[in-house]
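[1] Provided below are the primary sequence and the corresponding predicted coordinates.
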Amino acid sequence: MSPRMYQGKNDAPDFPTHLDWLNTDKSLTMQDLRGRIVLLDFWTYC
């Protein structure tokens, strides 16, 4: 399966502007992350 098979099929929505970010000095946008491998870590206190 070609890695470009899904390229351009579905654009991810941009992040909401009111989020708190860790380990970065500014809010990130999808444009900032374009072309990079991204791991998102979600957690909850329950």
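    It's in.
[2] Which parts of the chain are helices?
    Applying DSSP state H to the chain gives helices spanning 30-33.
[3] For Phe42, give its distance to Ala12.
    Using C-beta to C-beta, to the nearest Å, one gets 15 Å for the distance from Phe42 to Ala12. (C-beta placed from N, C-alpha, C; glycine too.)
[4] more neighbours, the two?
    Ala12 (9 against 4; other C-beta atoms under 10 Å).
[5] Poorly predicted segments of the chain, please.
    1-9 (pLDDT under 70).
[6] For stretch 39-46, list the C-alpha coordinates in PDB.
    What follows is stretch 39-46, C-alpha atoms only, in PDB (Å, rounded to 0.1, in the frame of the first residue of the first chain):
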ATOM      1  CA  LEU A  39       1.700  11.700  18.200                       C
ATOM      2  CA  LEU A  40      -1.100  13.200  20.300                       C
ATOM      3  CA  ASP A  41      -1.400  12.000  23.900                       C
ATOM      4  CA  PHE A  42      -4.800  12.400  25.500                       C
ATOM      5  CA  TRP A  43      -5.400  11.600  29.100                       C
ATOM      6  CA  THR A  44      -8.000  12.200  31.800                       C
ATOM      7  CA  TYR A  45      -8.100  12.300  35.600                       C
ATOM      8  CA  CYS A  46     -10.700   9.700  36.300                       C
END
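[7] quick one: buried residues of that stretch?
    Residues of stretch 39-46 include none that count as buried (16 or more other C-beta atoms under 10 Å).
[8] and what of stretch 22-33?
    Buried residues in stretch 22-33 (16+ other C-beta under 10 Å): none.
[9] In PDB, list the C-alpha atoms belonging to that stretch.
    Extracted in PDB, the C-alpha atoms of stretch 22-33 (Å, rounded to 0.1, in the frame of the first residue of the first chain):
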ATOM      1  CA  LEU A  22       2.400  21.600  27.000                       C
ATOM      2  CA  ASN A  23       6.100  21.600  26.000                       C
ATOM      3  CA  THR A  24       5.700  24.400  23.400                       C
ATOM      4  CA  ASP A  25       5.800  28.200  23.600                       C
ATOM      5  CA  LYS A  26       2.900  28.700  21.200                       C
ATOM      6  CA  SER A  27      -0.300  27.200  20.000                       C
ATOM      7  CA  LEU A  28       0.200  24.900  17.000                       C
ATOM      8  CA  THR A  29      -1.800  24.800  13.800                       C
ATOM      9  CA  MET A  30      -2.200  22.000  11.300                       C
ATOM     10  CA  GLN A  31       0.000  24.100   8.900                       C
ATOM     11  CA  ASP A  32       2.800  24.000  11.500                       C
ATOM     12  CA  LEU A  33       2.600  20.200  11.600                       C
END
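[10] Cheers, nothing more for now.
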